[in-house]
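**Q** any chance you could fold what I've pasted below:
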Amino acid sequence: MTKAKKVELFHRKYEEGVEKVRKGFETHYPNYIGGKESFSSEGEYAVITPINKNQVIGYCQKGTREDAKNAILAAKDKFYEWSRTPYQKRVKIFQKAAKIMSARKFELAALMTFDNGKNRYEAIADVDEAIDFLNFYSYLMLKNKGFIVKMGKPFPEEDCTSVLKPYGVWAVISPFNFPLAITTGMSTGAMITGNTIVLKPASDTPLMALKFYEIMKEAGLPDGVMNLVVGSGSTVGEELISNPDISGVVFTGSRPVGRRIFAQMTSSIVKPCITELGGKNPIIVTSKANLDKAIEGVARSAFGFGGQKCSACSRLIVFEDIKEKFLDGLVKWTREKVTIGDPTRREIFLGPVINQKAYDDFAKYAEMAKRDGRVLFGGNRCESGELKDGFFVEPTIVDGLPLDHEIIKTELFLPIVAVITVKNLEEAVKIANDTEYGLTAGIFTENVKEREYFFDHIEAGVTYCNRRIGGSTGAMVNGQPFGGWKASSSTAKGAGGLYYLQQFMREQSQTRVK
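**A** So this is what the prediction gives:
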């Protein structure tokens with residue numbers, strides 16, 4: 001099959017998925033506790049699509065603290081059996097889930113477009129990443145033989161073994177921006193290592209988590225290993241982080257929430273808390289950069305999925321002597337290629353932001369940018385025409401803000417990138433590191449010494465040089481472990497990397513004397 005035919009096949013399958021998904025709008029979804037459907041005493045809420053706030057795409061449960069307690073008890077009851085299931089048998093379930101997910105990838109991608117507004121390319125990448133997590137973590141369990149290792153012999157008669165064992169019940173609290181990939185990755189990390197879980201997805205995007213549950217059920221996951229409770233952070237989330245039967249929490253989301261979870265989990269008995277808490281990610285463009293490559297890499301990182309990625313570029317640090325030429329090119333690329341609209345359409349680059357709060361936050365920060373700096377492109381919400389009923393905003397480039405400005409210091413999770421001018425690489429790296437975050441960072445330069453200086457001095461967990469497809473974004477499972485430094489992470493061990501699974505287990509040293 002030619003490349004052109006493969007491309008057309010991709011579009012046809014996605015569009016078939018869209019039509020299939022539309023027929024399932026307004027489905028009523030239960031929670032799942034101990035393998036059984038569960039319905040909240042508080043009733044349901046309507047899940048809307050950010051493409052059109054008047055379109056309901058499903059009804060989900062308003063989970064309560066009592067629902068969360070019941071889910072925790074179900075997970076606790078199942079832990080003994082699941083933790084003693086041979087790791088090879090556990091692995092087979094997740095490998096089967098990967099095959100099921102792969103067979104349904106276009107339908108899942110189409111649903112994700114409605115669920116959180118990703119265009120078809122971003123959505124299919126999200127599904128592919130979820131599949132990769134299932135396969136890679138299965139591979140790691142097999143490669144490491146269940147993390148059972150023979151140790152040395154302190155004395156001839158002693159037989160010593162190191163065994164990594166699961167903790168118990170984990171709370172998995174997943175975000176809206178990668179509602180299948182991150183949900184799958186965190187959940188798989190906990191379950192494949194022998195833990196049981198209670199999953200609470202983001203309230204804006206619960207449908208992908210529900211589909212993940214269905215896939216795991218079909219793959220043969222025993223009832224009670226995975227329990228799913230949709231509900232607010234103030235009810236379900238609070239119960240998950242405070243309940244004494246929770247052994248650990250894995251969370252991806254905002255820094256304030258993550259810090260509060262970490263404080264709760266270490267307030268008495270210290271329990272494991274794996275958090276990924278965002279970034280204020282820089283890309284440096286030096287005078288030795290290939291500008292065409294840099295322009296595309298910056299634009300894709302800043303405006304892909306509306307800047308609603310933990311890895312999005314929000315600080316553009318550019319050398320003074322190329323600044324004008326580079327910014328002219330960036331504005332041109334953005335104007336011509338960052339098309340805004342209904343993300344189910346194949347020509348669309350930028351869909352809506354996730355909800356009303358993000359839409360209002362954009363207006364607030366755009367006004368700040370106009371007041372305190374110079375907006376080179378964008379700065380407006382799309383409030384008329386066919387986009388008026390969705391949460392659509394323009395990609396925005398702002399120059400001239402002081403280094404201590406809120407837009408430069410705060411993670412916005414919006415398609416806004418601030419330009420910072422520097423004279424040399426030392427100044428650029430110093431500014432890049434002047435943040436409490438340390439998730440991702442990128443540089444564009446064709447100079448080897450500049451490249452190696454950057455890698456040697458930058459304070460970030462995921463770093464790139466000359467990456468056209470995403471100057472600070474797009475980490476791939478088993479290629480670029482995704483974990484941050486400083487305030488971006490509590491463990492600095494990246495998802496999709498060699499050391500991720502070990503976090504869900506604790507070591508037991510076993511000595512058998514002959």
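**Q** for the chain, name the helix or strand with the lowest mean pLDDT.
**A** helix 255-265 (a mean of 90; mean pLDDT, DSSP states H and E).
**Q** the closest residue in space to residue 271 that isn't next to it in sequence - how many residues pack around it?
**A** Distances taken as Cβ to Cβ, 6 or more residues apart in numbering put residue 265 closest to residue 271, at 4.7 Å, once the chain neighbours are dropped. Every residue, glycine included, has its C-beta placed from N, CA and C. A total of 24 residues lie near residue 265 under the criterion other Cβ atoms under 10 Å.
**Q** can you check residue 36 too?
**A** 12.
**Q** enumerate every residue touching it.
**A** Each residue near residue 36 by Cβ atoms under 8 Å, 6 or more residues apart in numbering is listed here: residue 223.
**Q** I'd like to know how far it sits from residue 74.
**A** 9 Å (Cβ to Cβ, to the nearest Å).
**Q** repeat that for residue 446.
**A** For residue 446 relative to residue 74 (Cβ to Cβ), the value is 57 Å.
**Q** cool, and residue 264?
**A** Residue 264 is 22 Å from residue 74, by Cβ to Cβ.
**Q** cool, residue 120 as well?
**A** 37 Å.
**Q** and what of residue 282?
**A** Counting by Cβ to Cβ, the gap from residue 282 to residue 74 is 45 Å.
**Q** just residue 295 next, same as before
**A** Look at residue 295 and residue 74: by Cβ to Cβ, they are 52 Å apart.
**Q** returning to what we had before: who's more crowded, residue 282 and residue 74?
**A** A direct count of neighbours by other Cβ under 10 Å for residue 282 and residue 74 places residue 282 higher, at 28 against 23.
**Q** surely that one meets residue 444?
**A** No. Counting by Cβ atoms under 8 Å, residue 282 sits too far from residue 444 to count as a contact (11.6 Å).
**Q** residue 122: what's its closest spatial neighbour, skipping adjacent residues?
**A** residue 305 (5.2 Å).
**Q** wait, a helix at the one you found?
**A** Yes. Counting by DSSP: H, G, I helix; E, B strand; the rest coil, residue 305 is part of a helix.
**Q** hang on, the earlier thing: hmm, the residue nearest to residue 271 is touching residue 275, no?
**A** No. Applying Cβ under 8 Å as the test, residue 265 and residue 275 come out as separate, 9.4 Å apart.
**Q** residues contacting residue 380?
**A** Contacts of residue 380 by Cβ under 8 Å, 6+ apart are 366, 393-394.
**Q** to clarify, my last question referred to residue 259.
**A** Going by Cβ under 8 Å, 6+ apart, residue 259 touches residue 277.
**Q** ok, now residue 320?
**A** Going by Cβ under 8 Å, 6+ apart, residue 320 touches 421-423.
**Q** quick revisit: out of the contacts of residue 380, which are buried?
**A** 366, 393-394 (16 or more other Cβ atoms under 10 Å).
**Q** tabulate those residues in JSON lines, adding columns for secondary structure, distance to residue 58 and pLDDT.
**A** Listed next are the buried ones among the contacts of residue 380 as JSON lines, based on DSSP: H, G, I helix; E, B strand; the rest coil; distance: Cβ to Cβ, whole Å; pLDDT from 0 to 100:
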{"residue": "366", "secondary structure": "helix", "distance to residue 58": "31", "pLDDT": "99"}
{"residue": "393", "secondary structure": "strand", "distance to residue 58": "25", "pLDDT": "99"}
{"residue": "394", "secondary structure": "coil", "distance to residue 58": "29", "pLDDT": "99"}
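**Q** how far away from the center of its chain is the longest helix belonging to the chain?
**A** In the chain, taking DSSP state H as the definition, the longest helix is helix 120-143. Its chain's C-alpha centre and that of helix 120-143 lie 13 Å apart, by Cα atoms, centre = their mean, to the nearest Å.
**Q** next one: the very next helix or strand once past it to chain centre, how far?
**A** Using DSSP states H and E, the helix or strand that directly follows helix 120-143 along the chain is strand 148-150. Strand 148-150 has its C-alpha centroid displaced from the chain centroid by 33 Å (Cα atoms, centre = their mean).
**Q** tell me what strand 148-150 is packed against?
**A** For strand 148-150, the elements it packs on are strand 158-166, judged by 3 or more Cβ pairs under 8 Å, 6 or more residues apart in numbering; DSSP states H and E.
**Q** relative to the strand it packs on, what are the paired strands and their orientations?
**A** Sheet pairing of strand 158-166 (DSSP bridges) gives strand 148-150 (antiparallel), strand 505-513 (antiparallel).
**Q** burial of the closest residue to residue 90 other than its chain neighbours, as a residue count?
**A** Excluding its sequence neighbours, the residue lying closest to residue 90 (Cβ to Cβ, 6+ apart) is residue 192, at 5.6 Å. For residue 192, the count of nearby residues is 22 (other Cβ under 10 Å).
**Q** try the one 10 residues further on
**A** Residue 202 is surrounded by 23 other residues when neighbours are defined as other Cβ under 10 Å.
**Q** just to check, it is in contact with residue 172?
**A** No. With contact defined as Cβ under 8 Å, residue 202 and residue 172 do not form a contacting pair (11.6 Å).
**Q** mind listing what's buried in the longest helix of the chain?
**A** Quick answer for helix 120-143 (16+ other Cβ under 10 Å): 120-138, 140-141.
**Q** flag every buried residue along the one helix or strand residue 209 maps to.
**A** Using DSSP H and E, residue 209 sits within helix 207-219. Across helix 207-219, burial judged by 16+ other Cβ under 10 Å covers 207-213, 215-217, 219.
**Q** how about the nearest residue in space to residue 30 that is not next to it in sequence, secondary structure?
**A** Once flanking residues are discounted, residue 30 sits nearest to residue 37: 3.8 Å by Cβ to Cβ, 6+ apart. Secondary structure, three-state DSSP: residue 37 is strand.
**Q** any figure for the gap between residue 37 and residue 46?
**A** 19 Å.
**Q** domains in this structure, by residue range?
**A** 22-277+492-513, 281-476 (automatic domain parsing).
**Q** distance between the helix holding residue 209 and the chain's centre?
**A** Distance of helix 207-219 from the chain centroid (Cα atoms, centre = their mean) equals 18 Å.
**Q** likewise stretch 233-240?
**A** Remark: stretch 233-240 is offset 20 Å from the chain centroid, using Cα atoms, centre = their mean.
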